[in-house]
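Visitor: coordinates for the following, if possible.
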Amino acid sequence: MKLKLFYVTIILFTLSVVGCKKSSNDSGPSTAAGTISAKISGTAWTAPATTTNASYDGTDLTIDAIGTSGNSINISAKITGIGTYIIDGFSGNNATYSTVTPSKTYDSNFSATAGVLTITEFDVTNKLMSGSFHFNAGNFSGSTIDSVLVTDGSFNKLAFLYNVSGGNTMSVTVNGTPVVANNVTATENVTAVGIQIYGSVANGPVYPKVSVVIPSGAPAGTTYQLLSTACDGYYIPSNGVSYTEKSGSLTVTAHNLSTQHIEGTFSFTAQNINGTGPIYTMTNGMFSVDY
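Guide: This next block holds a predicted model:
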């Protein structure tokens, strides 16, 4: 009897040790494929795949994600693939956290503490990547310095637009079908419409097209509501036929006025200007162009 009791005691002790060990190493639920999650000063934040965009041109990686709250994270970094990359004001790598209410942008360049971006998977064939990140970011408002701490950042099987040549790119989901545009062109008319971008979104060389118009000199970090005089979106199925935005928004994520390079994201619905006919829905839109 004493021998049986001894064995039972040993087994219970072993199970309790294994259970404690598993609990101490538990990293929590994994991020769903295509999404990004993080904690913003301790509060959970998640961006679904439908509002998450990423691109890589062979040198520069850009990730733009709008959370379910409307607040967003942007990460820009020079990478070569799997590895760990410092985010600070000296490396050229940068991260921001932007809020809708109040309208604020917190920048990692305003923090004395460096952040880290770690790429654990980088599949250029299937255009998928996974990794983690954390960073501190600050916001200057007059003489006041406000800050946020972004921790536990994670992205899993995140799709990215890959254009190693560094040419103009546009991708968008049209009525639920993701497409990568070809023949992407961008021109600027400072005295008229501003910067106009066209991308063919089918196998044909010309039509159908998606077009967005952005004000000249639009600063990075600015979000425009479409239907305004400053910014527009169009779906052009054939020559002479144009559907104008009914609602939507466009965010400029990067803009270098010296090199005339602009990047951004957009989504909108479009219909005939008289309000009749089919409605086309553009989601998950993304562009990176020289004009």
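Visitor: residues near residue 84, how many?
Guide: Neighbourhood size, residue 84 [other Cβ atoms under 10 Å]: 12. Where you see a C-beta, it was placed from the backbone N, CA and C, and this is true even at glycine.
Visitor: show me the contacts for the closest residue to it other than its chain neighbours.
Guide: With sequence-adjacent residues excluded and distances taken as Cβ to Cβ, 6 or more residues apart in numbering, residue 84 is closest to residue 118, at 4.9 Å. By Cβ atoms under 8 Å, 6 or more residues apart in numbering, the contact list for residue 118 reads 83-85, 131-133.
Visitor: change it to 7 Å
Guide: 84, 131-133 (Cβ atoms under 7 Å, 6 or more residues apart in numbering).
Visitor: gap between the two ends of stretch 101-119?
Guide: From its first residue to its last, stretch 101-119 covers 31 Å (Cα to Cα, to the nearest Å).
Visitor: just the buried positions in it, please.
Guide: 105-108, 110-111, 114-117, 119 (16 or more other Cβ atoms under 10 Å).
Visitor: so what's residue 93 closest to, chain neighbours aside?
Guide: Sequence neighbours aside, residue 77 is the residue nearest to residue 93 in space, at 3.9 Å (criterion: Cβ to Cβ, 6+ apart).
Visitor: partner strands of the one helix or strand the residue nearest to residue 84 maps to, with direction?
Guide: Under the criterion of DSSP states H and E, residue 118 resides in strand 115-123. Here strand 115-123 has these sheet partners by DSSP bridges: strand 83-87 (antiparallel), strand 128-141 (antiparallel).
Visitor: show me how far it is from its chain's centre.
Guide: Distance, stretch centre to chain centre, for strand 115-123: 15 Å (Cα atoms, centre = their mean, to the nearest Å).
Visitor: what about it, average pLDDT?
Guide: Average pLDDT, strand 115-123: 94.
Visitor: ranking the strands paired with strand 115-123 by burial, who's on top?
Guide: A comparison of the strands paired with strand 115-123 by mean neighbour count, using mean count of other Cβ atoms under 10 Å, puts strand 128-141 on top with a mean of 20.
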